[in-house]
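1. Whatever this is, show me its structure:
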Amino acid sequence: MNFEFVGKHFAQKTHEQMKDVLMNPKAMGPEIYYYMIRGGFDQKNITVWEPGTVDSEFIKSYGHYHIGDIQESYSILFGEGVVLLQKMELNKMGKIIPDKVLEFKVRRVKTGDVVEIPKGFGHVIVNIGETFLVTSDNTDVLFDNKTVPKYTGHTDYESVKAMQGFAYYVANRDNQPTLVKNTNYSEIVSVDFGNLPVETLPLNMV
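-> Residues are numbered from 1 along each chain as shown. Reported below is the predicted structural model:
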């Protein structure tokens, strides 16, 4: 067995890193939001999210978009969560226009569920339960330049950072996961809220 990359398997996302995409970047949060055991090319990845909220926003992943021919699926091994899916408008050069959403979808998930991430969509995973949320996924993680990935493409985190997260945040409102609009976005063409309630914003913020 080759142990060459064992030291690179573990990764984590800290509060300092997550401030980029929080509903309230000034709020206090846990030191670590989630932990990743990265499988590389031939093993699945395991991710564990802490439970809880930052201010009122549930703990979540940073979020990213898939660029190119990337296919990904998540299996929910333990816990309860929400998956946010978002497809963006592209400019003439095929680059993401960060503030214009073509499709926004919400999927509520629990232990045993499998979520397919459609080609061209970005995603954020949110822990809305009182325990860890644990998933496995089949994304390639390349630790060197020799391995050939199964799919051609890459991931875009910068467009998410530019808008301070996805088009909606998931917040705890009276012990109910509720969608709160991110007012940095100028246009959202199509929405499927997956039966989650949506907080009404004042008219001057819509």
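
2. tell me the contacts of the residue minimising distance to the centre of the chain?
-> In the chain, the residue lying closest to the centroid (C-alpha atoms, centre = their mean) is residue 124, at 1.7 Å. Neighbouring residues of residue 124 by C-beta atoms under 8 Å, 6 or more residues apart in numbering: 60, 61, 62, 63, 83, 84, 86, 165, 166. The way it works is simple: take the backbone N, C-alpha and C, and place the C-beta from them, glycine included.

3. Now do the helix or strand hosting it: distance to the chain's middle.
-> Assigned by DSSP states H and E, residue 124 belongs to strand 121-127. Computed by C-alpha atoms, centre = their mean, to the nearest Å, the chain-centroid distance of strand 121-127 equals 3 Å.

4. Next, give phi and psi for residue 162.
-> The phi and psi torsions at residue 162 (degrees, to the nearest 10) take the values phi -60, psi -30.

5. Quick one: residues contacting it.
-> Applying C-beta under 8 Å, 6+ apart to residue 162 gives the contacts residue 98.

6. For the lowest-mean-pLDDT helix or strand in the chain, which helices and strands make contact with it?
-> Sorting the helices and strands of the chain by mean pLDDT, DSSP states H and E puts strand 153-156 at the bottom, at a mean of 76. Here strand 153-156 touches strand 64-68, going by 3 or more C-beta pairs under 8 Å, 6 or more residues apart in numbering; DSSP states H and E.

7. longest strand in the chain, by residue count?
-> Longest strand of the chain, by residue count under DSSP state E: strand 96-110.

8. For that strand, buried residues please.
-> By neighbour count with 16 or more other C-beta atoms under 10 Å, strand 96-110 contains the buried residues 96, 98, 99, 100, 101, 102, 103, 104, 105, 106, 107, 109.

9. Which of these sits closest to residue 43?
-> Checking the buried residues of strand 96-110 against residue 43 with C-beta to C-beta, the nearest one is residue 109 at 22.2 Å.

10. any idea how far residue 161 is from that closest one?
-> Remark: distance between residue 109 and residue 161 (C-beta to C-beta, to the nearest Å) = 25 Å.

11. go on, residue 74?
-> Between residue 74 and residue 161 the computed distance is 22 Å (C-beta to C-beta).

12. cool, residue 60 as well?
-> 14 Å.
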